[in-house]
Structure formats: structure tokens, C-alpha cells
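*Asks:* next come a sequence and a model predicted from it.
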Amino acid sequence: MAQENAMQHTDTDNPAGDLRRQRPSRKKPLIAIVVSVVLALSCFVVLAFLPASTAPFFASPLKSVLTGLGLLGIAFPFVIAGTLLHRKAARSPYYEEGFIASAVLLFGYVAAIFGLLCVGLSAYALVVRLIGGE
């Protein structure tokens, strides 16, 4: 009788099993941070080896794209770290941890905005160049 009950029991019989949260992976954020930092460093290294030009920044959209991607690569780890700290701070009774998480998130968002701005301005420069504005 006990064997039959054990064989009949499945995960679908327990609806509370669906509500249980699984522990988030610790490897995925770490891999994302490493990839974004490597992307940022590679963009900045390529920028360092590009020849210096006396032309305005819009004259070379490649530099603007690389700068934007580098800034996005720097911003992403701060956003991930701030989000993880914010989740941890939600369980903490102290407000300092939430303040630090918010500051880290703010820095990440500002860096992301500037990165997107650089990429957007380089796209604008390319469109103007294709239309024949310069």
C-alpha cells in the first residue's frame, strides 16, 4: 500500500511546489559581468590604437560607437550588482544597504545613458553622412 502511494505521488499533485522559488544562479550574473567587462576593455583598447584625428568627433562615428559600447560594458556590471544588492537589501532591516544599492544602480544607469547617447549620436552622424549633409 505504501509503495502504491509513493508511485502515485507526482509533482503535479503538489501545487505548492510550483510556488516555491528556486535559488537564482550565481554563475549567470558573473558570466554576464565578465563578458561585459571584456567587451568594454576591448573597445577601449581598440580606441587607444586608432590614430588620433584633428577632425570633430562626428567625423569618425567608429570612435563614437566604440566609446558607447565601452560605456555600456562598464554600466552593465554596475546595474547587475545594484540589482543584486537591492534584492538583498529588501530583506534587510537597515536602510544603508538599500541606499548603497540605489547609488550603484544610479551610476550604472547614468553610464548606460551616456553609452546609448554615444551610439545614438554615431548613428545620427552616419545617417547625416549617407544623406549627404556634410
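*Replies:* Structure received. Numbers count the residues shown, from 1 in each chain.

*Asks:* now the residue nearest to the spatial centre of the chain: which helix or strand?
*Replies:* Centroid-nearest residue in the chain, with C-alpha atoms, centre = their mean: residue 76, separated by 2.9 Å. Using DSSP states H and E, residue 76 maps to helix 61-90.

*Asks:* so where's the chain uncertain?
*Replies:* The chain contains residues with pLDDT under 70 at 1-24, 57-58, 133-134.

*Asks:* wait, isn't residue 100 in contact with residue 84?
*Replies:* No - counting by C-beta atoms under 8 Å, residue 100 does not reach residue 84; the two are 11.8 Å apart. Yep, even glycine has a C-beta here, placed from its N, CA and C like the rest.

*Asks:* mind checking the SS state of the residue nearest to the residue nearest to the centre of the chain when sequence neighbours are not counted?
*Replies:* Spatial nearest neighbour of residue 76, excluding adjacent residues (C-beta to C-beta, 6 or more residues apart in numbering): residue 36 at 4.0 Å. Classification of residue 36 using DSSP: H, G, I helix; E, B strand; the rest coil returns helix.

*Asks:* next one: residue 36 from residue 77, what distance?
*Replies:* Using C-beta to C-beta, to the nearest Å, we find residue 36 at a distance of 6 Å from residue 77.

*Asks:* ok, now residue 85?
*Replies:* 12 Å.

*Asks:* go on, residue 83?
*Replies:* According to C-beta to C-beta, residue 83 stands 11 Å off from residue 77.
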